[in-house]
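Peer 1: Mind looking at a prediction? Sequence and model below.
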Amino acid sequence: MRDRDLPARPNLEEYKKQAKVNTTPKSRIGSIDLIRSAVMILMAIDHVRVYSGVPPGGPTPGVFFTRWITHFCAPAFIFLAGTSVFFYGRKHADLSRYLLIRGAWLIFLELTFLRVAWTFNFDFRHYEMAGVIWVIGCCIILMAGLVKLPLSAVGVIGVGDDRSSQPDGFTYGQVAGRARR
């Protein structure tokens, strides 16, 4: 076979045009979206269990395991929300305002739309149920203030909050030592 019988080799630019390769940089981090998706799927499974009337302990090991694993979903979701706040704050100067508005919207939606969706009741005078979305909204509003503080002050508040949640102000090690006796 001679060289003149071979097809001409296209250059790299022609390959890109043929393959329609996307060369723009990604603005999202795939691993964060993957974890968030897995958490949402696990929560959907648990909510289906609730609506089907299966008790939390479950009659089978599979039901027990799905209920057990969903206990990690809320902390993971809140951790990912904090991660998102960090990434948003790196690109936008209005982080505190954004968080304040977002938190207020979550509280508003919990007390209006989601309340009706859960209870099918339009009587807002006797409302006694506020769920997870309301608490997340309050935490986001709290975060709107915390992002204005220096990192050392946020660390002190975090450690102080952790100490206040312990019985009698003991640390985890002291509580564990007492339990071993």
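Peer 2: That came through fine.
Peer 1: Please make it C-alpha for all contacts and neighbour counts, starting now.
Peer 2: OK.
Peer 1: how about the most centrally placed residue in the chain, what does it touch?
Peer 2: Closest residue to the average C-alpha location of the chain: residue 77 at 2.4 Å, with C-alpha atoms, centre = their mean. Residue 77 makes contact with 36, 39, according to C-alpha atoms under 8 Å, 6 or more residues apart in numbering.
Peer 1: Can you give me the domain boundaries for this structure?
Peer 2: Domain segmentation of the chain under automatic domain parsing yields 28-76, 92-167.
Peer 1: Same list, the ones you listed, but as TSV with mean neighbour count please.
Peer 2: As requested, these are exported to TSV (neighbours: other C-alpha atoms under 10 Å):
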stretch	mean neighbour count
domain 28-76	14
domain 92-167	14
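Peer 1: low-scoring stretches of this structure, by residue?
Peer 2: The model of the chain has pLDDT under 70 over residues 1-26, 58, 127-129, 161-181.
Peer 1: All the helices of it, residue numbers only.
Peer 2: Secondary structure of the chain by DSSP state H: the helices cover 12-19, 30-52, 61-69, 73-91, 95-109, 115-119, 132-146, 151-164, 172-180.
Peer 1: Adding distance to residue 125, write those out as CSV.
Peer 2: Supplementary listing: the helices of the chain in CSV, determined by distance: least, C-alpha to C-alpha, whole Å:
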stretch, distance to residue 125
helix 12-19, 60
helix 30-52, 26
helix 61-69, 33
helix 73-91, 29
helix 95-109, 15
helix 115-119, 12
helix 132-146, 18
helix 151-164, 34
helix 172-180, 43
